[in-house]
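1. 3D model of this:
(one chain, ligands or ions: 1)
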Amino acid sequence: MVVPSPMIRTKKTKAVGIPTIDLSMERSELREQVVKACEEYGFFKVVNHGVPKEVITRMEEEGAEFFAKPTSEKLQAGPATPFGYGCRNIGPNGDMGNLEYLLLHTNPVCISERSKTIANNPTKFSCALNDYIGAAKELVCEIVELVAEGLWVPDKFSLSNLIKDVQGDSLLRINHYPPLNPKINDNNNNNIGFGEHSDPQILTILWSNDVGGLQISTHDGLWIPVPPDPNEFFVMVGDVFQVLTNGRFRSVRHRALTNTMKTRMSMMYFAAPPLNWWIEPLPKMVTAQNPSVYKPFTWAQYKKAAYSLKLGDSRLDLFKVQ
Ligand code: GA4
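-> Numbers count the residues shown, from 1 in each chain. Predicted coordinates:
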């Protein structure tokens, strides 16, 4: 059953509730609700997700410990091109945000190497990170298997196997948004922590502390705030899932605003396939009446396009069939 969160009245007085999906519910109902949430919002909250609290807390503490370090030390873990510590700069094309972050590849070898520049106790850091990534990956695989079942895809493991592939290109990002008092800090009144965009990957698993700031855009362009919930996870449909479903799911545009009083921290696991994987609509999603909307492309080609554009650009348009 989709449990709607408290109704939010937007300016246009339209009532919108973010779907909440209880992963312990009966499977046939569950897969339908997951598909429905992916179609309607490209975004939902999951409860009874099975990730131990201790796995989240250890990662949160490691993140907080890193961001509490003096800037000179944090810079030693940078720049974030492609991976490491970043501050204000997002991507290579001049996008800026009021945040600092760690952007990491989830490959265990990369993690153990990177940990040496990030943490005073690299073993403890990489252990917390590997456990967190393992849990997020399991959650994402469970969700894509439910989707595959819900869409009647013949091989229900085809997508989860890609995410589990040792060559997988999944990433982990920890964002840290210090409080921003607009009167003191910013003469442009800019409270954007991370600007509007969609995630390029398949699915994103997002956790945040109890400080609000995340907003999602509905299909009709209304921005709705997401009430924070540090006990649960939020799931976001990425661009690749939009292509796989031939546009039946749409990647969710979202942004993060900074809080004026409190520090917000969020952690995102971006589930991606291997770089050489070809992306095109699943055969099940293409019919004579509903031909493919996208040309086939590899994940490497898509990433290249994403990194050549600005954060908020609609990169999927480049891959549409004319
Ligand atoms: C958005 C989702 C992830 O945070 C990210 C971001 C990446 C980056 O920060 O380096 C990108 C952005 C994200 C999309 C377009 C490109 C790439 C910044 C940017 C301008 C790590 C990702 O995979 O794509």
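2. in the stretch 1-150 of the chain, which residue sits nearest the ligand?
-> Gly91 (2.5 Å; Cβ to the nearest ligand atom). Placement of C-beta: from N, CA and C, glycine included.
3. helix, strand, or coil at the closest residue to that residue other than its chain neighbours?
-> Once flanking residues are discounted, Gly91 sits nearest to Leu311: 5.9 Å by Cβ to Cβ, 6 or more residues apart in numbering. Using DSSP: H, G, I helix; E, B strand; the rest coil, the structure places Leu311 in coil.
4. what's the burial count for Leu311?
-> When neighbours are counted by other Cβ atoms under 10 Å, Leu311 registers 18.
5. OK, contacts around it?
-> By Cβ atoms under 8 Å, 6 or more residues apart in numbering, the residues touching Leu311 are 90-91, 93, 95, 195-197.
6. how much space between it and the ligand?
-> Going from Leu311 to the ligand by Cβ to the nearest ligand atom, to the nearest Å gives 4 Å.
7. end to end on stretch 42-53, go ahead and measure it.
-> Stretch 42-53 has an end-to-end distance of 25 Å (criterion: Cα to Cα, to the nearest Å).
8. and what of stretch 41-50?
-> OK, stretch 41-50 end separation, Cα to Cα: 23 Å.
9. same deal with stretch 272-281?
-> For stretch 272-281, the end-to-end distance is 16 Å (Cα to Cα).
10. what parts of the stretch 1-150 of the chain come near the ligand?
-> Residues of the stretch 1-150 of the chain that fall close to the ligand, judged by Cβ under 6 Å from any ligand atom: 90-91, 93, 95, 103.
11. among those residues, who's most crowded?
-> Busiest of those [other Cβ under 10 Å] is Leu103, holding 23 neighbours.
12. what's the burial count for Cys127?
-> 16.
13. oh, I was asking about Gln76
-> Residues lying near Gln76 (other Cβ under 10 Å) number 11.
14. which SSE is the closest residue to it other than its chain neighbours in?
-> Closest residue in space to Gln76, ignoring its immediate chain neighbours: Thr117 at 5.6 Å, by Cβ to Cβ, 6+ apart. Per DSSP states H and E, Thr117 falls inside helix 108-118.
15. following that helix, which helix or strand comes up?
-> helix 122-150.
16. list the helices and strands that next one packs on?
-> Packing partners of helix 122-150 (3 or more Cβ pairs under 8 Å, 6 or more residues apart in numbering; DSSP states H and E): helix 27-40, helix 53-67, helix 108-118, helix 158-164, strand 171-177, strand 203-208, strand 233-237, strand 264-271.
17. mind redoing it with 6 Å?
-> helix 27-40, helix 53-67, helix 108-118, helix 158-164, strand 203-208 (3 or more Cβ pairs under 6 Å, 6 or more residues apart in numbering; DSSP states H and E).
18. tell me what angle the last one forms with strand 264-271.
-> In this case it means strand 203-208. If you take axes from the mean of the first three to the mean of the last three Cα atoms, to 10 degrees, strand 203-208 sits at 160 degrees to strand 264-271.
19. got the residue ranges for the helices in the stretch 151-300 of the chain?
-> Remark: helices assigned in the stretch 151-300 of the chain by DSSP state H, counting those that start in this stretch are 158-164, 182-185, 239-244, 299-308.
20. worst mean pLDDT among these?
-> Among these, helix 182-185 carries the lowest mean pLDDT, at a mean of 60.
21. neighbours around the closest residue to Leu275 other than its chain neighbours, how many?
-> The spatially closest residue to Leu275, leaving aside those adjacent along the chain, is Ala300, at 4.1 Å (Cβ to Cβ, 6+ apart). For Ala300, the count of nearby residues is 13 (other Cβ under 10 Å).
22. which residues outside stretch 101-116 are in contact with it?
-> Residues outside stretch 101-116 that contact it (Cβ atoms under 6 Å, 6 or more residues apart in numbering): 80, 83, 85-86, 122, 125-126, 129, 133, 170, 172-175.
23. scan the helices and strands of the chain for the one with the lowest mean pLDDT.
-> Ranked by mean pLDDT, DSSP states H and E, the helix or strand of the chain with the weakest confidence is strand 8-9, at a mean of 47.
24. and the spatially most central residue of the chain, what is it in contact with?
-> The centre of the chain sits closest to Thr204, judged by Cα atoms, centre = their mean, with a distance of 3.1 Å. Going by Cβ under 6 Å, 6+ apart, Thr204 touches 236, 238, 268, 270.
25. which residues does the closest residue to the first one other than its chain neighbours bridge with?
-> In other words, Met236. Distance criterion Cβ to Cβ, 6+ apart; nearest residue to Met236, sequence neighbours excluded, is Thr204 at 4.2 Å. Thr204 has the following beta-bridge partners by DSSP bridges: Met236, Phe270.
26. check the gap between Thr204 and the ligand for me.
-> To the ligand, Thr204 is 7 Å away according to Cβ to the nearest ligand atom.
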